[in-house]
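J.: fold the following.
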Amino acid sequence: MVERRSPKPDVGGSSPSRPALREFFCIMFDKIKKFLKEVKFELTKVTWTTREELVYSTIVVIVVSIILSIFIGVVDLGLSNLASMLLG
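T.: Numbers count the residues shown, from 1 in each chain. This next block holds a predicted model:
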């Protein structure tokens with residue numbers, strides 16, 4: 001019969017060892033730290049809009065939305081009336 005022994009604590013063996021887990025977390029935290037540094041650096045290169053540009057763009061979006069909704073409403077009303085005349 002084969003004698004079975006548990007792995008030695010200082011040898012990796014088949015079960016995960018604490019140093020490997022600690023090293024894994026150190027590597028992950030280093031990667032996260034590097035990522036956040038790169039994000040901070042990239043944000044310094046962003047050109048932010050001014051308040052006036054933001055207000056103007058918002059007004060343009062609202063006006064275009066109103067014009068398109070009126071256009072779609074008129075087309076829908078016209079097609080509904082046309083369909084009711086043809087079918088009724």
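J.: any idea which element the residue nearest the centre of the chain lies in?
T.: Nearest residue to the geometric centre of the chain (CA atoms, centre = their mean): residue 39, 14.2 Å. If you go by DSSP states H and E, residue 39 is part of helix 18-44.
J.: and the helix or strand that comes right after that helix, how far from the chain's centre?
T.: Following helix 18-44 in sequence order, the next helix or strand is helix 51-87 (DSSP H and E). Put simply, helix 51-87 sits 30 Å off its chain's centre (CA atoms, centre = their mean, to the nearest Å).
J.: before we move on, what about stretch 76-88?
T.: Counting by CA atoms, centre = their mean, stretch 76-88 comes out at 44 Å from the chain centroid.
J.: quick one: mean pLDDT for it?
T.: Stretch 76-88 shows a mean pLDDT of 93.
J.: which parts of it are buried?
T.: By neighbour count on 16 or more other CB atoms under 10 Å, the buried set for stretch 76-88 is empty. Where you see a C-beta, it was placed from the backbone N, CA and C, and this is true even at glycine.
J.: now swap in stretch 34-49 and tell me
T.: Neighbour counts over stretch 34-49 (16+ other CB under 10 Å) mark no residue as buried.
J.: just the C-alphas of that stretch, formatted as CSV.
T.: The C-alpha trace of stretch 34-49 is given here as CSV (Å, rounded to 0.1, in the frame of the first residue of the first chain):
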residue,chain,number,x,y,z
LYS,A,34,-1.1,51.5,-12.7
PHE,A,35,-4.5,51.6,-14.4
LEU,A,36,-5.7,54.5,-12.2
LYS,A,37,-2.5,56.4,-12.8
GLU,A,38,-3.0,56.1,-16.5
VAL,A,39,-6.6,57.2,-16.2
LYS,A,40,-5.6,60.3,-14.3
PHE,A,41,-2.9,61.1,-16.9
GLU,A,42,-5.4,60.7,-19.8
LEU,A,43,-8.0,62.9,-18.0
THR,A,44,-5.4,65.7,-18.0
LYS,A,45,-5.4,65.5,-21.9
VAL,A,46,-9.2,65.9,-22.1
THR,A,47,-10.5,69.1,-23.6
TRP,A,48,-13.6,70.0,-21.5
THR,A,49,-16.4,72.1,-23.0
